[in-house]
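Asker: This is a predicted model, with the sequence first.
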Amino acid sequence: MVQPSRRPATLEDLAACGDSDRLEIIGGEIVEKAAPSADHSWTETRLVEAVGPFNRKLGSRGPGGWWIFTEIHVAYPGGEVFCHDIAGWRRDRVPERPTGWPVRLRPDWVCEIVSPKHEKQDLIVKPRVLHANEIPHYWILDPEEQLLLVHRWSPDGYIVVLRATAGETVRAEPFDAIELRVGVLFGDEDAD
């Protein structure tokens, strides 16, 4: 006997779950996002500090020009709802701070921090959806391997434009106006 096909989960289904802070819709299913480890949390905090000078108006104590959020739900036209570790919107494209739950505006930059047992989501599933929605920049930070991968959108797929690990200092687009000490993100080096 053929089983009736289930309908894909909707935003209403996600909201009905009550505490949806750590839930996403991926491939039509409601999926719990991995609970962040101490390493994950540290890396997220340090990256937000590093790109902090961009998270303001242009010319106000740093390069500015971005809205940057952590643990933010973004809805995509295909029905996916991701709770991105960090995402940013260029203020020249989105002059008003994104609001609401979930945000329905396409980000200009997304960073996911790889969590054990969720590598497939961050390395395969999410990049496919982000590419289809023309997200210009996608970063992967892997605390376990201590690496940073920076991807740039192209019509044929994301191109890895930077690979870096602890001990390196890099300029990583779209935040290449500042130097980023990769080891600081993973706790290997102290921030100045």
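Answerer: Thanks, I have the structure now.
Asker: okay, CA-based contacts and neighbour counts for the rest of this
Answerer: OK.
Asker: quick one, strands of this structure?
Answerer: In the chain, the strands defined using DSSP state E lie at 23-26, 29-32, 66-75, 81-90, 109-113, 137-142, 147-152, 159-165, 169-170, 180-181.
Asker: Now these in CSV, please, with extra columns for mean neighbour count and mean pLDDT.
Answerer: CSV is the format used below for the strands of the chain (neighbours: other Cα atoms under 10 Å; pLDDT from 0 to 100):
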stretch, mean neighbour count, mean pLDDT
strand 23-26, 22, 92
strand 29-32, 16, 91
strand 66-75, 20, 96
strand 81-90, 22, 96
strand 109-113, 23, 97
strand 137-142, 24, 97
strand 147-152, 20, 97
strand 159-165, 15, 97
strand 169-170, 15, 96
strand 180-181, 20, 94
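Asker: the longest helix in the protein is where?
Answerer: helix 38-51 (DSSP state H).
Asker: which stretch among the strands of the chain comes nearest Trp101?
Answerer: With Cα to Cα, the closest approach to Trp101 among those belongs to strand 66-75: 6.7 Å.
Asker: Dump that closest one to PDB, keeping only the CA atoms.
Answerer: Output of strand 66-75 as PDB, limited to C-alpha atoms (Å, rounded to 0.1, in the frame of the first residue of the first chain):
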ATOM      1  CA  TRP A  66      26.200  46.500   7.600                       C
ATOM      2  CA  TRP A  67      23.400  45.100   9.700                       C
ATOM      3  CA  ILE A  68      24.800  42.000  11.400                       C
ATOM      4  CA  PHE A  69      22.800  39.500  13.500                       C
ATOM      5  CA  THR A  70      23.400  36.300  15.400                       C
ATOM      6  CA  GLU A  71      21.100  33.300  15.600                       C
ATOM      7  CA  ILE A  72      18.600  34.900  13.200                       C
ATOM      8  CA  HIS A  73      15.900  33.100  11.400                       C
ATOM      9  CA  VAL A  74      15.600  33.800   7.600                       C
ATOM     10  CA  ALA A  75      12.800  32.500   5.400                       C
END
